[in-house]
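Visitor: no sequence on this one, just coordinates:
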């Protein structure tokens, strides 16, 4: 496929592409290799209008979920505060060991007019998560806003989906770890994602940007790719890849997810692992069905109590945000 599209067979980097067709994306990258696409975000209204003043003027009083770090990443504390308080803290922190990071799964969903500022992305147009019942459909627009030095954990995304991250301003330094290296990554056991549909959570104990190599000696054997994503770029990270993002400067981005015919079975497997459906419930003809039919059938077998639990989870998170007195 690389030769077909005129590329060398060296896969030691993350390419930055424009005018990438959907067929080429699926054949070369989808559920296979990370890529950065440069010509999607510049057409979004969010790209043209979102800035700090915009958020403070229109949404400053709304509560947001954020993490505060004083020390090392594993000492971070989750908090709920008004967005105006987050921005005040953001402007005060530039130290590598003291920073804040807004990571809110539901802020854009709570504000559909704001969510409409996020434009179309043809890579997500045929997203099979649309086949999920609304009660258990993953929240699809996570707002991420952090100051210099803020960063995510080293992790693999919930449900083993394809991760999609769009930078509206600022820059991110990514470290990406291809599959098959779990024995080097010190994955935290028995974590749950707490999403509408329960699943395993795959976080590493290691901070790839501040490694305690004496505590995690095997980590040095893990191979990885590095790339810097800048304003107006979308990065797509395939299923099975652990990754960590470091905000080089103040950075605002929106993360989404993709379930496609290339990774849908991996996603369904995670749902089984989460205890939502026993694989014995799948009929013998399941393996002979097409991807869309498989997902529709699988969703039709999800128990009603699981659907109710998913709906209750979303309501609970929203209520917790609304009830916080700061």
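Guide: Okay, I see it. These numbers were taken from a predicted model, which means no experiment stands behind them. Residues are numbered from 1 along each chain as shown.

Visitor: what separates the longest helix seen in the chain from the chain centre, distance-wise?
Guide: Identified as the longest helix of the chain according to DSSP state H is helix 304-323. Distance of helix 304-323 from the chain centroid (Cα atoms, centre = their mean, to the nearest Å) equals 20 Å.

Visitor: For that helix, name the packing helices and strands.
Guide: Helices and strands touching helix 304-323, by 3 or more Cβ pairs under 8 Å, 6 or more residues apart in numbering; DSSP states H and E, are strand 63-70. C-beta: built from backbone N, CA, C; applies to glycine.

Visitor: Partner strands of the strand it packs on and their direction?
Guide: strand 77-82 (antiparallel), strand 98-104 (antiparallel) (DSSP bridges).

Visitor: from these, which stretch is densest packed?
Guide: strand 98-104 (a mean of 22; mean count of other Cβ atoms under 10 Å).

Visitor: residue at max distance from the center of the chain?
Guide: residue 284 (33.3 Å; Cα atoms, centre = their mean).

Visitor: pLDDT value on it, please?
Guide: If you check residue 284, the pLDDT there is 94.

Visitor: Look up which residues are beta-bridged to residue 95.
Guide: Under the criterion used here (DSSP bridges), residue 95 is bridged to residue 98.

Visitor: What residues of stretch 42-62 count as buried?
Guide: 44, 46, 47, 50, 55, 59, 62 (16 or more other Cβ atoms under 10 Å).

Visitor: from memory residue 211 sits against residue 218, does it?
Guide: No - counting by Cβ atoms under 8 Å, residue 211 sits too far from residue 218 to count as a contact (11.2 Å).

Visitor: which residues sit in contact with residue 277?
Guide: The neighbours of residue 277, taking Cβ atoms under 8 Å, 6 or more residues apart in numbering as the test, are 271, 298, 301, 302, 303, 306.

Visitor: please redo it, this time with the cut-off set to 7 Å
Guide: Residue 277 makes contacts with 271, 301, 302, as judged by Cβ atoms under 7 Å, 6 or more residues apart in numbering.

Visitor: May I ask which of those residues has the most neighbours?
Guide: residue 271 (21 neighbours; other Cβ atoms under 10 Å).

Visitor: before we move on, what SS does residue 20 have?
Guide: coil (DSSP: H, G, I helix; E, B strand; the rest coil).

Visitor: For residue 68, list each beta-bridge partner.
Guide: Beta-bridge partners, per DSSP bridges, of residue 68: residue 77, residue 100.

Visitor: That one: what's it in contact with?
Guide: Here residue 68 is in contact with 76, 77, 79, 100 (Cβ under 7 Å, 6+ apart).

Visitor: ditto for residue 49
Guide: residue 117.

Visitor: what separates it from residue 92, distance-wise?
Guide: Per Cβ to Cβ, to the nearest Å, residue 49 is found 26 Å from residue 92.

Visitor: got it, and residue 59?
Guide: Counting by Cβ to Cβ, the gap from residue 59 to residue 92 is 20 Å.

Visitor: what does residue 82 give?
Guide: Distance from residue 82 to residue 92, by Cβ to Cβ: 15 Å.

Visitor: wait, residue 298 sits on residue 270?
Guide: No - counting by Cβ atoms under 7 Å, residue 298 does not reach residue 270; the two are 11.9 Å apart.

Visitor: Pull out the buried positions in the longest helix of the chain.
Guide: 306, 307, 309, 310, 313, 314, 317, 321.

Visitor: what do you get for stretch 32-39?
Guide: Counting neighbours by 16+ other Cβ under 10 Å, the buried set in stretch 32-39 is 32, 33, 34, 35, 36, 37, 38.

Visitor: ditto for stretch 19-26
Guide: Buried, per 16+ other Cβ under 10 Å, within stretch 19-26: 20, 24, 25, 26.

Visitor: Who are the contact partners of the third one?
Guide: With contacts taken as Cβ under 7 Å, 6+ apart, residue 25 has the following neighbours: residue 123.

Visitor: Quick one: name whatever helix or strand follows the helix or strand containing it.
Guide: Using DSSP states H and E, residue 25 maps to helix 22-28. Using DSSP H and E, the helix or strand that follows helix 22-28 in sequence is strand 35-37.

Visitor: in its sheet, what does that following strand sit against?
Guide: Using DSSP bridges, the strands paired with strand 35-37 are strand 15-17 (parallel), strand 234-237 (antiparallel).

Visitor: Kind regards, and thank you for your time.
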